[in-house]
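Undergrad: Predicted model and sequence below, questions to follow.
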Amino acid sequence: MIRNAFFEEKMKVPEDKKMGSDVKKRAKKMSAGFARTDLACESWDGRGGVEYREECTTAGCVQVTVVHMNVVTRTAAERLGRRRGNYVTVAPLRGFAEIDDASAAALSDIIGNELRKMAESVCGCDIDARFGVLVAGLGNSEMTADAVGPVTAGRVSATRHLRELEPGIYRALGCSAVSVVAPGVLGRTGMESSDILRGAIRAAKPDLLIAIDALAARSCERLGKTIQLTDSGITPGSGVGNERHALTHSALGIPVISIGVPTVVDSSTLVCEALEKSGMTDIFTDDGMPEALRRVLENGRSFFVSPREADVITGRSAEIIANAINAVFGIGETGS
C-alpha cells in the first residue's frame with residue numbers, strides 16, 4: 001500500500017505512553033459526536049467490513065492520492081455512518097485554487113476514469129450512444145460555498161435533444177444522451193430536489209443519475225482539495241445538518257453516482273480538530289468533557305466556515321468535474 005505525506009499524517013499511530021494514548025482515544029470518542037463529515041475516508045477506522053486501497057499518481061506536476069473504499073457489511077456501514085457501496089476519494093496535494101491548467105486537465109482525466117468505471121459497474125453496460133445520463137447540480141447557486149453543483153451543471157454539455165432534433169449531428173458526435181438540471185433548493189423552489197428529479201427521470205428516462213453537490217469535511221486540510229465519488233447516492237444537506245430526501249437507487253429507481261467537493265467545515269469540528277492537534281486532550285475525563293466546552297460545541301453546529309478563496313475553489317472544481325463528465329459521455333469540452 002502506497003501512502004503520501006498527507007495521509008501518513010492522518011494515519012500514523014501516536015508514540016505516546018499507554019495512559020496518554022487512552023486519553024486521546026477517549027477525547028476522540030467524545031468529540032466524534034460533534035465533528036461531522038461527508039467524506040468516507042475521514043470516517044474509516046481501519047476495522048473490518050471495509051475493503052480499503054490507496055495509491056499515488058500524478059496529475060501534471062501535482063501528486064494525487066486516490067483512495068478506494070468499499071463498505072461491504074451492514075455492520076461497517078452503521079459504524080461509519082455510511083451506506084454500503086463504493087467510495088473513491090481523489091485528493092491532490094495542492095488545492096484546486098493553486099493548480100495550473102495542465103494539472104487540472106490531468107486531474108479531470110483521473111476523475112473521468114474513475115467515473116467511467118463506476119458508471120459501467122453500477123449500470124452493467126458500456127457507455128455508448130444508446131446510454132442516457134441525467135446530471136443534477138444540487139445546491140444553492142446564490143451561496144458560493146454551496147454552488148459547486150449548479151456551476152458544474154452549467155458547464156456540462158447537454159446532448160439528449162440532439163438525438164431527436166439533429167440525429168445526424170448526434171451520430172457524428174458519438175456521444176451519450178446527456179440531460180442536465182439544477183433543481184435548486186427547497187427554500188427557493190418550494191419543491192424537494194428528489195421530487196423534481198423524479199419528474200426529470202420520467203421525462204428523460206436516463207440509465208444513470210449523476211448528482212453533484214458541495215460537502216462538509218472534518219479536516220480543514222480537505223477543503224478545496226478533495227473530490228469524492230460514490231455509487232451509494234447522496235442525501236442533500238446532510239453535511240450541514242439539513243438533511244433532505246435521499247437520492248438513491250431505491251428511492252429513484254435508477255443507479256445514482258454522487259460527486260462531491262468539501263467546501264465547508266462547521267465550527268464545532270474546527271474546535272475538535274484544534275484540540276486534537278494541540279494535544280489538549282487532558283481536559284477530557286472519564287466523567288466526560290467540561291460543560292463549557294460542550295456548550296461551545298453544541299452551539300457551533302449551526303455555524304459553518306468556508307475558505308476565503310471559496311469562489312475560486314467552486315469555479316475550478318466545477319471545471320474539473322464538468323470536463324470529466326463531458327469526456328466520459330463523449331463531448332470532450334465543457335459547455336459554454
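TA: Happy to help now that I have it. Numbering: from 1, shown residues only.
Undergrad: Report the rounded mean pLDDT for whichever helix or strand Ala274 is part of.
TA: For Ala274, the host element (DSSP states H and E) is helix 267-278. Taken as a whole, helix 267-278 carries a mean pLDDT of 73.
Undergrad: on contacts alone, who are the packing partners of that helix?
TA: Where contact means 3 or more CB pairs under 8 Å, 6 or more residues apart in numbering; DSSP states H and E, helix 267-278 is packed against helix 18-32, helix 291-300, strand 304-305. Every residue, glycine included, has its C-beta placed from N, CA and C.
Undergrad: Which positions in it come out as buried?
TA: Buried residues in helix 267-278, counted by 16 or more other CB atoms under 10 Å: 267-273, 275-276.
Undergrad: How about stretch 47-65?
TA: Those buried within stretch 47-65 under the rule 16+ other CB under 10 Å are 49-50, 54, 59-60, 62, 64-65.
Undergrad: quick one on the thing from earlier: any idea which of the buried residues of helix 267-278 is closest to Thr248?
TA: Thr269 (25.5 Å; CB to CB).
Undergrad: That closest one and Arg218 touch, don't they?
TA: Yes: using CB atoms under 8 Å, Thr269 is in contact with Arg218, at 5.6 Å.
Undergrad: roughly how far apart are Arg222 and Leu93?
TA: Plainly put, Arg222 is 12 Å away from Leu93 if you go by CB to CB, to the nearest Å.
Undergrad: ok, these two, which is more surrounded?
TA: Comparing Arg222 with Leu93 by neighbour count (other CB atoms under 10 Å), the higher total belongs to Arg222, at 26 against 17.
Undergrad: Could you find the closest non-adjacent residue to that one?
TA: In space, and not counting its chain neighbours, Arg222 is closest to Pro262: 5.0 Å by CB to CB, 6 or more residues apart in numbering.
Undergrad: Give me the buried stretch members for the host helix or strand of the one you found, please.
TA: In this assignment (DSSP H and E), Pro262 forms part of strand 256-266. Neighbour counts over strand 256-266 (16+ other CB under 10 Å) mark 256-266 as buried.
Undergrad: residue contacts, Val178?
TA: Contact partners of Val178, counting by CB atoms under 8 Å, 6 or more residues apart in numbering, are 132-133, 135, 156-160, 325, 329, 331.
Undergrad: Adding distance to Thr75 and neighbour count, write the residues you listed out as JSON lines.
TA: As requested, the contacts of Val178 are exported to JSON lines (distance: CB to CB, whole Å; neighbours: other CB atoms under 10 Å):
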{"residue": "Gly132", "distance to Thr75": "36", "neighbour count": "19"}
{"residue": "Val133", "distance to Thr75": "33", "neighbour count": "26"}
{"residue": "Val135", "distance to Thr75": "34", "neighbour count": "27"}
{"residue": "Val156", "distance to Thr75": "38", "neighbour count": "26"}
{"residue": "Ser157", "distance to Thr75": "42", "neighbour count": "21"}
{"residue": "Ala158", "distance to Thr75": "42", "neighbour count": "15"}
{"residue": "Thr159", "distance to Thr75": "43", "neighbour count": "25"}
{"residue": "Arg160", "distance to Thr75": "41", "neighbour count": "21"}
{"residue": "Ile325", "distance to Thr75": "34", "neighbour count": "26"}
{"residue": "Phe329", "distance to Thr75": "36", "neighbour count": "27"}
{"residue": "Ile331", "distance to Thr75": "42", "neighbour count": "21"}
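Undergrad: Out of those, which one has the lowest pLDDT?
TA: Ile331 (73).
Undergrad: Roughly how far does that residue sit from Val180?
TA: Ile331 is 11 Å from Val180, by CB to CB.
Undergrad: Show residues contacting stretch 142-151.
TA: 136-141, 182, 184, 211-214, 260-261, 263-264, 304, 306, 310-311, 314-315, 317-318, 321.
Undergrad: what is the mean pLDDT for it?
TA: 94.
Undergrad: First-to-last residue distance for it?
TA: 10 Å (CA to CA, to the nearest Å).
Undergrad: before we move on, the earlier item: okay, now the sheet partners of the strand holding Pro262, with direction.
TA: Strand 256-266 pairs in its sheet with strand 208-216 (parallel), strand 227-230 (antiparallel), strand 304-305 (antiparallel), by DSSP bridges.
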